[in-house]
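Asker: next one to model:
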Amino acid sequence: MFSKQQIGSPDTALVVGLGRFGRAAARRLNELGVEVLGIDRDPALVSRLALELDNVLVLDATDAEALDQVGLGHVTVAVVGMAHVEASVVTVLKLKEFGIKKVWAKASSQTHGEILHRVGADHVIYPEAAAGLRVAHAVARHLIDYFEFEDGFAIARVTAPPSTWERSLAESGVRTEYRVTVVGVKREGEPFHYAEPDTVIREGDHLIISGTKPDLDRFASQG
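Answerer: You can find the predicted model right below:
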């Protein structure tokens, strides 16, 4: 067990639940230079990350006394990726009681997510639903990748439609015709670059676009 003095810098992130979702979050945070404290009640899951993270503990996050022994004074953000509904709800509640400023929590259903919000979760993630939406848009609307925000705004990656080939963005009028903003362009064998009005689009280019869902669909489905 780590003492309170051993855990945390001002940038420490707590990841609770080290299944696939939690491990992916912990690893990526670590790669981004964020100090991570990972905890799970399953020793086997903890052991998978023990060689990658400095701070990994076998601990029941629903146990307030156990959390208090760890010392969460330097933890400013937490990610709760537990699969068990009751355990995730109790954990979010405990973490907010400990004063964690931002708590992200994974939900398995809309009802689960609503409960998480009610007990204090600042952000609720629906990974399976989000993945399903991305696949559906990719299949139906020729979108390579898709990310939707709660207010109807979305960002997507799409193969450049024929109407944009061999023309600059100003000439093709993507913004005025479709109300879609081309954020950047990725061409095979070349690095990504941000789009400008004089950027010329070639056949096969991948465009990073933003806008409302209907506008993105309309732009991506042409031709």
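Asker: residue 214: what secondary structure?
Answerer: Three-state call for residue 214 (DSSP: H, G, I helix; E, B strand; the rest coil): helix.
Asker: that one: neighbouring residues, count only.
Answerer: When neighbours are defined as other Cβ atoms under 10 Å, residue 214 has 11 of them. For glycine as for every other residue, the C-beta is placed from the backbone atoms N, C-alpha and C.
Asker: same thing with the one 5 residues further on?
Answerer: Using other Cβ under 10 Å, the number of residues around residue 219 comes to 25.
Asker: try residue 24
Answerer: That count, for residue 24 with other Cβ under 10 Å as the rule, works out to 14.
Asker: what's the helix or strand for it?
Answerer: Here residue 24, judged by DSSP states H and E, is contained in helix 20-31.
Asker: dump that helix to PDB, keeping only the CA atoms.
Answerer: Extracted as PDB, the C-alpha positions of helix 20-31 are listed here (Å, rounded to 0.1, in the frame of the first residue of the first chain):
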ATOM      1  CA  ARG A  20     -10.200  -2.700 -21.400                       C
ATOM      2  CA  PHE A  21     -11.600   0.800 -21.100                       C
ATOM      3  CA  GLY A  22      -9.700   1.700 -18.000                       C
ATOM      4  CA  ARG A  23      -6.400   0.200 -19.200                       C
ATOM      5  CA  ALA A  24      -6.600   2.100 -22.500                       C
ATOM      6  CA  ALA A  25      -7.300   5.400 -20.700                       C
ATOM      7  CA  ALA A  26      -4.500   4.800 -18.200                       C
ATOM      8  CA  ARG A  27      -1.900   3.900 -20.900                       C
ATOM      9  CA  ARG A  28      -2.800   6.900 -23.000                       C
ATOM     10  CA  LEU A  29      -2.700   9.300 -20.100                       C
ATOM     11  CA  ASN A  30       0.700   7.900 -19.200                       C
ATOM     12  CA  GLU A  31       1.900   8.400 -22.800                       C
END
